[in-house]
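Engineer: what would the 3D arrangement of this be:
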Amino acid sequence: MTSTWAEEALTRDAFLGGRVVLLQPRRGYRAGTDPVLLAAAVPAERGQSVLELGCGAGAALMCLAARVPGLDLTGVEIQPPYADLARRNAVLNGTTAAIHTVDLRGLPPEIRARRYDHVIANPPYFDRAHSRPAPDVTKETAFGAPLPLADWIDAMARRVAPLGRLTLIQRAERLPEIVAALHGRMGGLAVRPLVSRAGRDAERVLVTARQSGRAAFRLAAPLVLHAGARHLSDSADFTPEAEAILRHGEKLRL
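Structural biologist: Purely as a prediction, here's the structure:
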């Protein structure tokens with residue numbers, strides 16, 4: 001894999017109803033709704049610092065910056081082509097973000113010396129010890145990197161400032177791993193299930209926890225993304241709440 005993509009290998013994709021424009025590869029990992037939902041769930045305020053581990057092309061950081069201006073943004077991405085796109089996308093969207101091309105197991109001194117108000121991530125969904133690798137190397141890293149989920153959460157928790165927050169999105173089946181990794185380390189744990197349609201099981205979860213938090217565990221009502229029992233046309237069928245978040249950049253409450 002080369003360090004950059006040729007221009008013809010890239011697309012320009014609109015997020016948040018066109019408020020964010022991202023350069024993404026035509027082939028390989030492409031951001032969908034997950035980073036948008038992740039960004040919407042971060043209760044950041046102007047002037048606060050945000051670190052994203054595994055930032056990809058910068059979708060979550062750019063969506064968060066569009067909703068909350070004046071943030072101090074830092075991203076970590078192991079794949080050089082995606083790190084390069086994240087830097088280009090920051091410029092494209094008029095945002096300043098420090099993007100580091102490193103493995104989260106080898107964070108540079110300038111990151112290890114800091115604590116952040118918010119640490120966010122969309123860790124790989126699959127445990128490669130129990131699933132097949134993806135045919136595309138960029139998708140393989142995005143969906144099934146070899147680093148255990150507990151190590152992602154450990155790296156996140158170490159960087160959260162006192163009273164700061166950790167926020168991540170992950171497959172619902174991996175919620176027990178997340179809770180186990182956070183137990184005894186962070187408090188104020190809240191989970192919001194994400195449901196494709198009413199009446200269906202949750203497929204993903206948004207999880208947040210607070211450094212030194214003491215609030216009781218909270219399981220929020222699910223966010224239903226699509227209206228109706230099934231998809232009936234090519235047009236978008238988001239519920240009003242999902243439409244407000246995904247198209248208009250509204251905050252997602254956990």
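
Engineer: check contacts around residue 57.
Structural biologist: Residues near residue 57 by C-beta atoms under 8 Å, 6 or more residues apart in numbering: 22, 23, 24, 31, 82, 85, 86, 89. All C-beta spots, glycine's among them, are computed from the backbone N, C-alpha and C.

Engineer: following element in sequence after the worst-scoring helix or strand of the chain on mean pLDDT, please.
Structural biologist: Within the chain, no helix or strand scores below helix 137-144, which has a mean of 49 by mean pLDDT, DSSP states H and E. Reading on from helix 137-144 to the C-terminus, the next helix or strand found by DSSP states H and E is helix 149-159.

Engineer: neighbours around residue 113, how many?
Structural biologist: Applying other C-beta atoms under 10 Å, we find 8 residues neighbouring residue 113.

Engineer: and the end-to-end length of stretch 171-184?
Structural biologist: Using C-alpha to C-alpha, to the nearest Å, one end of stretch 171-184 lies 22 Å from the other.

Engineer: and stretch 222-240, by the same measure?
Structural biologist: 14 Å.

Engineer: tell me the one of the contacts of residue 57 nearest residue 108?
Structural biologist: Nearest to residue 108 among these is residue 86, at 15.7 Å by C-beta to C-beta.

Engineer: which residues touch the closest one?
Structural biologist: 55, 56, 57, 58, 61, 75, 77, 97, 99.

Engineer: 7 Å instead, please
Structural biologist: By C-beta atoms under 7 Å, 6 or more residues apart in numbering, residue 86 lies in contact with 55, 56, 57, 58, 75, 77, 97, 99.

Engineer: any stretches of the stretch 51-200 of the chain with poor pLDDT?
Structural biologist: 128-146 (pLDDT under 70).

Engineer: where exactly do the strands run in this protein?
Structural biologist: Listed in chain order, the strands of the chain (DSSP state E) span 10-15, 20-25, 49-53, 72-76, 97-100, 116-121, 160-171, 187-197, 204-210, 218-219, 223-226.

Engineer: identify each buried residue in the first one, please.
Structural biologist: Looking back up the chat, that one is strand 10-15. Of the residues in strand 10-15, 10, 15 count as buried by neighbour count, 16 or more other C-beta atoms under 10 Å.

Engineer: settle this for me: residue 153 is touching residue 183, isn't it.
Structural biologist: No. With contact defined as C-beta atoms under 7 Å, residue 153 does not count as touching residue 183 (10.5 Å).

Engineer: those two: who's more crowded?
Structural biologist: When neighbours are counted by other C-beta under 10 Å, residue 153 and residue 183 differ, and residue 153 comes out ahead with 27 against 10.
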